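Asks: Let's see this in three dimensions:
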Amino acid sequence: MSDLFAAARLDQYAPRPLADRMRPQHLSEVVGQDHLVGSDGALSRLIESGSLGSLVFWGPPGTGKTTVARLLAGETKLHFEQISAIFSGVSDLKKLFEAARARRSMGQGTLLFVDEIHRFNRAQLDAFLPVMEDGTITLVGATTENPSFELNAALLSRARVMIFRALDEAAIAQLLARAEEIEGRKLPLDEEARASLARMADGDGRAALTLAEEVWRSAKPGEVFDAAQLQEIVQRRAPIYDKGQEGHYNLISALHKTIRGSDPDAALYYLARMLDAGEDRLFIARRLVRAAIEDIGIADPQALVVANAAKDAFDFLGSPEGELALAQAAVYLATAPKSNAVYTAFKAATRVAKEHGSLMPPKTILNAPTRLMKGEGYGAGYRYDHDEPDAFSGQDFWPEKLGRQTFYRPTGRGLEARITERLARWAELREERRAEDRSARRGSRAAKD
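Replies: Residues are numbered from 1 along each chain as shown. Reported below is the predicted structural model:
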């Protein structure tokens, strides 16, 4: 029945969203992707060469991936087929491939557009490989997730990745101006509200047009909204942020690196974005603890105490009050002196421990709970440091086959500046104690002679 309606073109009278009515008819009408479809764009060059090849479109929602795929089919005279990985399985793919083979035998190529291609499992992705290789289909897959993580290497080796960028405010403004032309009326927004709407779209062209439709529906004749009224009407679109996917890791990485880079304002910004998007607060707290250990260390040992206290405070208070504790910890860590000396020392010590195996410590520092062990020299000659001058014996604690190693090299920042002085003093004392021991051994041998 739906086919009959389509044949009669009755569907043209059905209501259609503004974004659908504004779908570009030519690549030149696509906004915000000049690096791909501009006169010197990557896709424009492929079209001019006459050889498209399989592609993966990677970018945020509402940036034109589906539209460009459809237009590419028209530009290259390929039959266009579109499926969604969410609703399709291997049996659906087989039918599509058989139809594509039939078309190919009659001289017609097929561009198969797969939306959300990252939703396919490995076996489903592998099904594309033979039909991509023999030219049965030209695959164009679209994904909002990083293809390096979500698609297998075999498919990526046969396709070129094209990156779609989030639309900037200029591109959003261009879309809104075109919408006003189509609607034949101005958006009832003052200048500040118009700029606010562009920001709310968060780089998503479809979202911008949906918001514009909501504004038109809400406005009474002659009414013009300011920014505050706009937020009241559209209830502000939630930030794009998938806690299980790339956005999650991008922002937590940004938070950690701004702390490491001693920029408290940037740290607060990324923290606020994560909190606003509903990120697990304890996930954030764990990363703050990690930053305290990894990037501040003994330069300010209080940093770890503050980070742990922030976690406990959030546990105790919950949202939203406990979030201030996380903010306080982020600022403390960002403004603390930085050192990864313990972090790098521990990695070096771990590497040496693995390389050299189970070396026996010097018998001097081993316990001797039995007579046999005492007879073997366990614990013989051990000097209790608290009884030594400066509470420092200067004994050699290293396995004989390994010799003394230096892993921990403190910085001159924060508390580690004092530790550097202390270690230098102990190094001097160690040499003095060794010289004393050598002198004592020579005196002992002389007395025996």
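Asks: ok, S39 - how many residues close by?
Replies: If you count neighbours by other Cβ atoms under 10 Å, S39 ends up with 8. Any C-beta I mention is one placed from the backbone N, CA and C, and that applies to glycine too.
Asks: How much space separates it from Q174?
Replies: Distance, S39 to Q174, by Cβ to Cβ, to the nearest Å: 17 Å.
Asks: which secondary structure elements does the helix or strand harbouring T344 contact?
Replies: If you go by DSSP states H and E, T344 is part of helix 341-356. Judged by 3 or more Cβ pairs under 8 Å, 6 or more residues apart in numbering; DSSP states H and E, helix 341-356 has no packing partners among the helices and strands.
Asks: can you pull out the strands in the protein?
Replies: 55-58, 79-84, 110-115, 138-143, 160-163 (DSSP state E).
Asks: For R16, find the nearest of those strands.
Replies: R16 lies closest to strand 79-84 among the strands of the chain, at 17.3 Å (Cβ to Cβ).
Asks: Starting from the closest one, tell me which strands it pairs with and how they run.
Replies: strand 110-115 (parallel) (DSSP bridges).
Asks: which residues are in contact with the strand it pairs with?
Replies: 52, 65-66, 69-70, 72-73, 76, 78-86, 88, 96, 99-100, 103-104, 120, 136-142 (Cβ atoms under 8 Å, 6 or more residues apart in numbering).
Asks: And for stretch 406-417?
Replies: 297-301, 336-339, 341-342, 344-346, 348-349, 352, 419-420, 423.
Asks: let's see it at 7 Å
Replies: 298-301, 337-339, 341-342, 345, 348-349, 419-420, 423 (Cβ atoms under 7 Å, 6 or more residues apart in numbering).
Asks: Endpoint to endpoint, that stretch covers what distance?
Replies: 17 Å (Cα to Cα, to the nearest Å).
Asks: again, but for stretch 333-341
Replies: End-to-end distance for stretch 333-341: 16 Å, by Cα to Cα.
Asks: In space, not sequence, find me the middle residue of this protein.
Replies: Taking Cα atoms, centre = their mean, the centroid of the chain lies closest to N250, which sits 2.5 Å from it.
Asks: quick one: that residue and D115, what's the gap?
Replies: For N250 relative to D115 (Cβ to Cβ), the value is 22 Å.
Asks: buried residues in the longest helix seen in the chain?
Replies: The helix that spans the most residues within the chain, counting by DSSP state H, is helix 415-448. Across helix 415-448, burial judged by 16 or more other Cβ atoms under 10 Å covers L415, E416, I419, T420, L429, R430, R433.
Asks: Surely I293 is in contact with L304?
Replies: Yes: judged on Cβ atoms under 7 Å, I293 makes contact with L304 at a distance of 6.1 Å.
Asks: for this structure, which spans come out with low pLDDT?
Replies: For the chain, residues meeting the criterion pLDDT under 70 lie at 1-15, 236-247, 443-449.
Asks: Can you give me the domain assignment for it?
Replies: As recorded under automatic domain parsing, the domains making up the chain are 33-163, 169-234, 246-335, 358-447.
Asks: Ok, which of the ones you listed comes nearest D20?
Replies: Closest among the domains of the chain, using Cβ to Cβ: domain 169-234, at 9.1 Å.
Asks: now the end-to-end length of that closest one.
Replies: 18 Å.
Asks: ditto for stretch 50-70
Replies: For stretch 50-70, the first and last residues are 17 Å from each other (Cα to Cα).
Asks: Also stretch 58-72?
Replies: Start and end residues of stretch 58-72 are separated by 16 Å (Cα to Cα).
Asks: ok, for D92, nearest residue in space, not its chain neighbours?
Replies: Nearest in space to D92, with sequence neighbours left out and distances taken as Cβ to Cβ, 6 or more residues apart in numbering, is I83 at 6.6 Å.
Asks: Then G32?
Replies: G32 sits nearest to A171 (Cβ to Cβ, 6+ apart), 3.4 Å away.
Asks: Compute the number of surrounding residues for the one you found.
Replies: The burial count for A171: 23, using other Cβ under 10 Å.
Asks: In this structure it contacts Q33, no?
Replies: No: A171 lies out of contact with Q33 (Cβ under 7 Å); the separation is 8.5 Å.
Asks: Spell out which residues are contacts of both of those two.
Replies: In contact with both A171 and Q33: no residue, using Cβ under 7 Å, 6+ apart.
Asks: could I get the strands of the chain as TSV with distance to K374 and mean neighbour count?
Replies: Output for these, formatted as TSV (distance: least, Cβ to Cβ, whole Å; neighbours: other Cβ atoms under 10 Å):
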stretch	distance to K374	mean neighbour count
strand 55-58	70	25
strand 79-84	77	15
strand 110-115	76	25
strand 138-143	69	25
strand 160-163	70	16
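Asks: Now distance to R21 too, for the ones you listed, in TSV please.
Replies: Converted to TSV, the strands of the chain look like this (distance: least, Cβ to Cβ, whole Å):
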stretch	distance to R21
strand 55-58	23
strand 79-84	19
strand 110-115	20
strand 138-143	21
strand 160-163	26
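Asks: right, and the ones you listed - which one's nearest F283?
Replies: Of those, nearest to F283 by Cβ to Cβ is strand 138-143, at 24.2 Å.
Asks: In the sheet, which strands lie alongside the closest one, parallel or antiparallel?
Replies: Here strand 138-143 is paired, per DSSP bridges, with strand 55-58 (parallel), strand 110-115 (parallel).
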